[in-house]
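Peer 1: Quick check, what structure comes out for this input:
(chains A, B, C and D)
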Number of protein chains: 2
Amino acid sequence: MREAAWSALVDPHRRAILEMLRERPRAVGDLADGLGFSQPMTSKHLRVLRDSGLVSVRAEAQRRIYAIDPDGLAELDAWLAPYRRLWNDRLDALGRHLDTDSDSDTDTDTDTKEK
Amino acid sequence: MREAAWSALVDPHRRAILEMLRERPRAVGDLADGLGFSQPMTSKHLRVLRDSGLVSVRAEAQRRIYAIDPDGLAELDAWLAPYRRLWNDRLDALGRHLDTDSDSDTDTDTDTKEK
DNA sequence: CCCATATTTTCCTTGACAAGTATATACGTG
DNA sequence: CACGTATATACTTGTCAAGGAAAATATGGG
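Peer 2: Numbering: from 1, shown residues only, chains lettered A, B, ... in the order given. I've put the predicted structure just below:
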């Protein structure tokens, strides 16, 4: 995972932008309105996200439609992967009867929305 | 995930410390030697990691043995979870499409995982 | 071409953080 | 209790990024 992605994700405003984009791609003004940011500030944060490979942009007349670039966050996932056993092992200790499906998505699909 | 954890993880030195701790718990001097950091610098970074809940510390005579606190990174994992479908869906879409024709082999696309 | 809309970029100021050096605290031993 | 080892904190300095305001760029319509 590139350094830029980390520094991009530190800022809560940028993470808020990603959360809005998680629902669907959006234009800059849409994001600015939805989050209460000024438009220049939104643009600047989007610039950082774009430079770090976390979002992609598509032009539509004057509007720029931003969307999450899955590759960026997949790299974060890859960084995290070797650590994941640290807390999965604790679950194994409770009851390791799980099938041998190794690293498939084991989360409980509960509403983990934070904040 | 708390804000502190993000700002702690942004620093490459601190992520390097976590990587060393992933192998096993270690004393401060051990980390400093292994990474080529000065001892005060190592202590300061460990302080940040500890304040953000990413590592825990245990005293052993004069030595302080640091270890990864799984809860901290588990929160990062939880933050990442809702995004994970963004790149898993791309694989699922392939499999599901092939699967609409019933009995096709659903495992042949496992090597399309990129990066 | 002039104007309205949508977005980006530039300039500037201010605050936060990292590294280095020096100093302080804690522990074990003779 | 003086000393060596191990770790933590204080202080200073330089760098960098965030935020606001203003200007610049791009698109579409009369």
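Peer 1: Can you spell out which helices and strands pack onto the helix or strand where A:Ala78 lies?
Peer 2: According to DSSP states H and E, A:Ala78 maps onto helix A:70-94. Helices and strands touching helix A:70-94, by 3 or more C-beta pairs under 8 Å, 6 or more residues apart in numbering or on different chains; DSSP states H and E, are helix A:3-10, helix B:12-23, helix B:70-99. Placement of C-beta: from N, CA and C, glycine included.
Peer 1: got a list of contacts for stretch A:76-83?
Peer 2: A:1, A:5, A:9, A:103, B:18, B:22, B:68, B:70, B:73, B:76-77, B:80, B:84, B:87, B:115 (C-beta atoms under 8 Å, 6 or more residues apart in numbering or on different chains).
Peer 1: Those, buried ones only, as a ChimeraX selection?
Peer 2: Restricted to buried positions by 16 or more other C-beta atoms under 10 Å in any protein chain shown, the ChimeraX selection for the contacts of stretch A:76-83 reads:
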select /A:1,5,9 /B:18,68,70,73,76,77,80,84,87
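Peer 1: My guess is A:Arg14 contacts A:His45. True?
Peer 2: Yes: A:Arg14 lies in contact with A:His45 (C-beta atoms under 8 Å); the separation is 5.0 Å.
Peer 1: How about the residues of chain A by DNA strand C?
Peer 2: Residues of chain A that fall close to DNA strand C, judged by C-beta under 7 Å from any atom of the strand: A:27-30, A:32, A:39-40, A:42-44, A:46-47, A:57, A:62-64.
Peer 1: and A:Ile65, what element?
Peer 2: For A:Ile65, the element it lies in under DSSP H and E is strand A:63-68.
Peer 1: Show residues contacting that strand.
Peer 2: In contact with strand A:63-68 (C-beta under 8 Å, 6+ apart) are residues A:17-18, A:21-22, A:25-29, A:31, A:46, A:49-50, A:54-59, B:83, B:86.
Peer 1: rerun at 6 Å
Peer 2: With contacts defined as C-beta atoms under 6 Å, 6 or more residues apart in numbering or on different chains, strand A:63-68 is touched by A:Leu21, A:Pro25, A:Ala27, A:Val28, A:Leu46, A:Val55, A:Ser56, A:Val57, A:Arg58, B:Leu86.
Peer 1: Those residues: which two are farthest apart?
Peer 2: Distance extremes for the contacts of strand A:63-68: the farthest pair is A:Val28 and B:Leu86 at 20.5 Å, using C-beta to C-beta.
Peer 1: neighbour count winner among these two?
Peer 2: The neighbour count for A:Val28 versus B:Leu86, taken as other C-beta atoms under 10 Å in any protein chain shown, is higher for A:Val28 (21 against 18).
Peer 1: which residues does that one contact?
Peer 2: Residues in contact with A:Val28 (C-beta under 6 Å, 6+ apart) are A:Thr42, A:Ser43, A:Arg64.
Peer 1: What's the local residue count around the first one?
Peer 2: For A:Thr42, the neighbour count with other C-beta under 10 Å is 23.
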